[in-house]
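>>> Need coordinates for the following:
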Amino acid sequence: MSRQLSPPASRHISRISSSRPDSIGVPRTDGVTTIFHVSDLHFGWPAVPEQIEAIERIIHDGKFDVVGISGDLTQRARAGEFQRAAVFVRDAKKVSRVITVPGNHDVAWWRAPLGFGHKPDVYENYRKFIDKNLEPVLHVPGATIVGINTAHGVTRRTLTWNLRDISIIGDIHKHQLDQAKELFEKSPPRDARVIVMHHNPVRGELSQRHGLKDTHKILGAFAEMGTDLVCCGHDHQESVHYIEHTRKGTVISTAGTISNRSRGGRPSSVNVISIGRETIDVTTHVWSKEQRTFVTGPHKCFKRSEYVAPE
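A predicted model of the protein is given here:
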């Protein structure tokens with residue numbers, strides 16, 4: 001597949017362009033950071049064991065610099081689901097650095113709805129089995145990766161008239177943005193600035209919905225702090241966008257789901273990202289029923305824009 005430079009754009013990926021088998025490994029290149037971006041594994045009844053096993057092989061063989069898991073490791077935040085997810089994370093850590101954040105399905109929101117109850121209880125199983133830190137920070141050569149927790153359960157800020165969405169909407173508080181900005185300011189000047197979070201800040205093509213509250217404000221804040229890349233999920237449809245801003249252009253990698261809950265009957269998918277000194281490449285890999293593995297799909301390459309600091 002051609003790897004020509006595409007001009008910055010905010011168009012989404014809307015088609016699958018290849019059915020060629022691919023080991024999904026990325027050749028080691030000096031100055032390039034590789035991220036295997038997977039989301040919405042939904043361990044529990046929606047999980048597809050054959051696809052999970054294929055992902056585990058890809059991670060083992062690919063030896064990516066980072067495996068980024070952008071939430072919804074489980075379906076109902078149950079201990080048994082988290083135990084299986086913990087094995088997945090443990091095995092990934094044997095070959096790569098790993099960063100995870102919780103998704104709305106990983107939060108036992110019913111333990112503290114609308115602030116009634118003990119708020120830390122909603123993350124009890126996530127902290128027990130996955131990571132005590134809900135907002136981890138990862139430093140690898142060439143990149144500073146900041147996790148932001150967007151899954152706060154049922155709060156007054158995320159209430160909606162749609163009862164089906166009562167625990168679904170994501171939110172980012174000002175103190176979280178301030179913390180991310182401070183971390184980036186302390187990072188090496190040439191580091192790519194990467195955010196991993198669950199809820200999608202860009203409207204899904206099929207769902208026609210944002211997963212995150214106040215998306216315009218949040219995307220503006222990301223640009224203001226010089227964010228190069230956002231890795232998210234939640235929408236269950238893969239997409240890659242480029243958001244232009246006077247301060248900084250930001251690539252949004254939305255990974256699909258590895259489950260039987262893909263939107264519109266689309267195949268499960270993952271994104272493989274290469275961050276170079278001048279470009280960010282995102283290649284989507286999709287599940288092939290015929291070949292029973294993930295195969296190469298659309299590829300996008302974006303020029304890394306210069307950060308224009310506030311005067």
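>>> so who does the residue nearest the centre of the chain touch?
By CA atoms, centre = their mean, the chain has its centre lying nearest to Cys232, at 2.8 Å. Counting by CB atoms under 8 Å, 6 or more residues apart in numbering, Cys232 makes contact with 39, 70, 196-201, 211, 252-255. All C-beta spots, glycine's among them, are computed from the backbone N, C-alpha and C.
>>> Keep only those of those residues that are in strands.
Val196, Ile252, Ser253, Thr254 (DSSP state E).
>>> so which of those residues is the most crowded?
When neighbours are counted by other CB atoms under 10 Å, Thr254 leads the ones in strands among the contacts of Cys232 with 31 neighbours.
>>> I'd guessed it sits against His236; true?
No. Applying CB atoms under 8 Å as the test, Thr254 and His236 come out as separate, 9.5 Å apart.
>>> for the stretch 101-250 of the chain, what spans make up the strands?
137-140, 143-147, 192-196, 229-232, 239-243, 250-254 (DSSP state E, counting those that start in this stretch).
>>> hmm, back to that, tabulate the contacts of Cys232 (JSON lines), appending distance to Val295 and pLDDT.
As requested, these are exported to JSON lines (distance: CB to CB, whole Å; pLDDT from 0 to 100):
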{"residue": "Ser39", "distance to Val295": "19", "pLDDT": "98"}
{"residue": "Ser70", "distance to Val295": "22", "pLDDT": "99"}
{"residue": "Val196", "distance to Val295": "25", "pLDDT": "99"}
{"residue": "Met197", "distance to Val295": "27", "pLDDT": "99"}
{"residue": "His198", "distance to Val295": "26", "pLDDT": "98"}
{"residue": "His199", "distance to Val295": "28", "pLDDT": "97"}
{"residue": "Asn200", "distance to Val295": "24", "pLDDT": "96"}
{"residue": "Pro201", "distance to Val295": "28", "pLDDT": "96"}
{"residue": "Gly211", "distance to Val295": "27", "pLDDT": "86"}
{"residue": "Ile252", "distance to Val295": "23", "pLDDT": "98"}
{"residue": "Ser253", "distance to Val295": "18", "pLDDT": "98"}
{"residue": "Thr254", "distance to Val295": "19", "pLDDT": "97"}
{"residue": "Ala255", "distance to Val295": "16", "pLDDT": "97"}
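>>> JSON lines for those residues, including distance to Arg90?
Shown next, in JSON lines, are these (distance: CB to CB, whole Å):
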{"residue": "Ser39", "distance to Arg90": "18"}
{"residue": "Ser70", "distance to Arg90": "18"}
{"residue": "Val196", "distance to Arg90": "19"}
{"residue": "Met197", "distance to Arg90": "22"}
{"residue": "His198", "distance to Arg90": "21"}
{"residue": "His199", "distance to Arg90": "26"}
{"residue": "Asn200", "distance to Arg90": "27"}
{"residue": "Pro201", "distance to Arg90": "30"}
{"residue": "Gly211", "distance to Arg90": "28"}
{"residue": "Ile252", "distance to Arg90": "29"}
{"residue": "Ser253", "distance to Arg90": "24"}
{"residue": "Thr254", "distance to Arg90": "26"}
{"residue": "Ala255", "distance to Arg90": "20"}
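>>> Show me the helices in the stretch 201-311 of the chain, by range?
Using DSSP state H, counting those that start in this stretch, the helices of the stretch 201-311 of the chain run over 215-224.
>>> Would you confirm that Arg157 contacts Asp171?
Yes. Using CB under 8 Å, Arg157 is in contact with Asp171, at 5.4 Å.
>>> Neighbour count: those two, which is higher?
Using other CB under 10 Å as the criterion, Arg157 and Asp171 rank with Asp171 on top: 18 against 10.
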